[in-house]
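> Okay, predicted coordinates and the sequence, questions at the end:
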Amino acid sequence: QVQLMESGGGLVQAGGSLRLSCVVSGIAFSNYGIGWYRQAPGQQRELVASISRGGGLSNYQDSVKGRFSISRDNAKNTTYLHMDSLKPEDTAVYYCNKDLRIAARLWSWGQGTLVTVSS
């Protein structure tokens, strides 16, 4: 059974940085394109960044381009989301999962990690 374990969230001031991590266990991690998602209070979950199986290709939502960077370490079954120049509107619970643009079905969601950006 696939398990997703996100970590690294916290409270940060606007303009600050955080690095999120997600360990994926129970599956051949390197076989899947991976995405980072976020869900703000009262909002739908949205895909903010994705990375290809080998890590050579990445895509970003327009609102985070130039500020967020997605990466992965297939040897550690881990994906990272480095977030710079954080804004209050980045406040959300962040999750990892398959890249929904290419996956027929997503894994069950992990617990996510909360990022709170104060103004």
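Okay, I see it.

> can you map out the helices along the chain?
With DSSP state H, there are no helices along the chain.

> mind listing the strands for this structure?
If DSSP state E is used as the criterion, the strands of the chain fall at 3-7, 10-13, 18-25, 34-39, 46-51, 58-60, 68-73, 78-83, 92-98, 113-118.

> May I see the buried residues of the shortest one?
In other words, strand 58-60. 59-60 (16 or more other CB atoms under 10 Å). Any C-beta I mention is one placed from the backbone N, CA and C, and that applies to glycine too.

> Paired strands for that strand, with orientation please.
strand 46-51 (antiparallel) (DSSP bridges).

> Tell me which residues touch the residue lying closest to Phe68 once chain neighbours are set aside, please.
In space, and not counting its chain neighbours, Phe68 is closest to Met83: 5.1 Å by CB to CB, 6 or more residues apart in numbering. With contact taken as CB atoms under 8 Å, 6 or more residues apart in numbering, Met83 is in contact with 17-20, 64, 67-68, 90, 115.

> Show me the beta-bridge partners of Met83.
Going by DSSP bridges, Met83 forms beta bridges with Leu18, Phe68.

> Could I get the pLDDT score of it?
What the model reports as pLDDT for Met83 is 98.

> again with the one 4 residues further on
Reading off the per-residue confidence, Lys87 sits at a pLDDT of 98.

> which sections of this structure are below the confidence cut-off?
Along the chain, no part satisfies pLDDT under 70.

> give the contact list for the residue nearest the centre of it.
Among the residues of the chain, the one closest to the centroid is Trp36, at 2.5 Å (CA atoms, centre = their mean). Applying CB under 8 Å, 6+ apart, one finds that Trp36 lies in contact with 20, 22, 47-50, 68, 70, 79, 81, 94-96.

> which residues sit in contact with Arg19?
8, 80-83.

> I'd like the distance from it to Leu47, if you could.
Here Arg19 is placed at a distance of 19 Å from Leu47 (CB to CB, to the nearest Å).

> Understood, closing this out.
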